[in-house]
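>>> Compute the structure for the input listed below.
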Amino acid sequence: GYADDIKEPGRYFLIGTERMITLDTSTQNKVQGVSIRMKDKMELRVGVSFRGRIKSDQKIINAMFNDITVKDDHVSFEQVYNIYGRDVIARVVRDVLSPYTNEEFMQNQAEIQKEVAVALAAAMATSPIEVSNVLLGGIKLPDEITKAINKQNERELAIKTEENEQAV
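Numbering: from 1, shown residues only. The predicted model follows:
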């Protein structure tokens, strides 16, 4: 079993049968790609970027050891994230974005990003991971929308070119 006390960083002397498990509590930036089937039945791919760290809550950390396999007396943020964060983040982002169409998402991206940040903070409240500074980036629209936007831009450029030629 584990002793339920958490020590502050420093030097400690262990008796022969004791082991000390170290826990990576540094703040780290993570980016996770998520694919979402939007309301318009098209797929949107987005990268969710956030800062995360393991909470310094003794009760949560002690409960976490029931789910984590300790390797070389160390628990990394990546191990904790893979168990407690990856699926939750994908689910929350899908839940928030799927009621929107791709067009609505592009028009209201700032507000939707705030909505995702609030939803992630609420979903991760009881997990061992603190999430902050949530950003949506690396947005890849469906090919149909990208082609339509490119054609529209080409038409606008052709009109402006024609207007300029007529002016000359």
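>>> thinking V88 is in contact with S127, fair?
Yes - in this structure V88 lies within contact range of S127 using Cβ atoms under 8 Å: 6.8 Å. For every residue, glycine as well, the C-beta is placed using N, CA and C.
>>> in the sheet, who's paired with the spatially most central residue of the chain?
For the chain, the residue nearest the mean C-alpha position is V48 (3.9 Å; Cα atoms, centre = their mean). Here V48 sits in beta bridges with Q32, L136, going by DSSP bridges.
>>> Are there helices or strands packed against the longest helix along the chain, and which ones?
In the chain, assigned by DSSP state H, the helix with the most residues is helix 143-167. Applying 3 or more Cβ pairs under 8 Å, 6 or more residues apart in numbering; DSSP states H and E, we find helix 143-167 packed against no helix or strand.
>>> Quick check: which helices or strands does the strand or helix carrying E103 pack against?
Per DSSP states H and E, E103 falls inside helix 102-107. Helix 102-107 is packed against no helix or strand, with contacts defined by 3+ Cβ pairs under 8 Å, 6+ apart.
>>> what distance separates the helix or strand following it from the centre of its chain?
Toward the C-terminal end, the helix or strand that comes next after helix 102-107 (DSSP H and E) is helix 109-123. On the basis of Cα atoms, centre = their mean, to the nearest Å, helix 109-123 sits 11 Å off its chain's mean C-alpha point.
>>> How about stretch 69-77?
22 Å.
>>> avg pLDDT for it?
Per-residue pLDDT over stretch 69-77 has a mean of 86.
>>> what does the longest helix of the chain rub up against?
Contacts with helix 143-167, where a contact means Cβ atoms under 8 Å, 6 or more residues apart in numbering, come from M42, N102, E103, L141.
>>> roughly how far apart are the last one and L44?
So that's L141. Between L141 and L44 the computed distance is 7 Å (Cβ to Cβ, to the nearest Å).
>>> Off-centre distance for the helix or strand of the chain with the lowest mean pLDDT?
The least trusted helix or strand in the chain, going by mean pLDDT, DSSP states H and E, turns out to be helix 143-167, with a mean of 77. Its chain's C-alpha centre lies 36 Å from the corresponding centre of helix 143-167 when counted by Cα atoms, centre = their mean.
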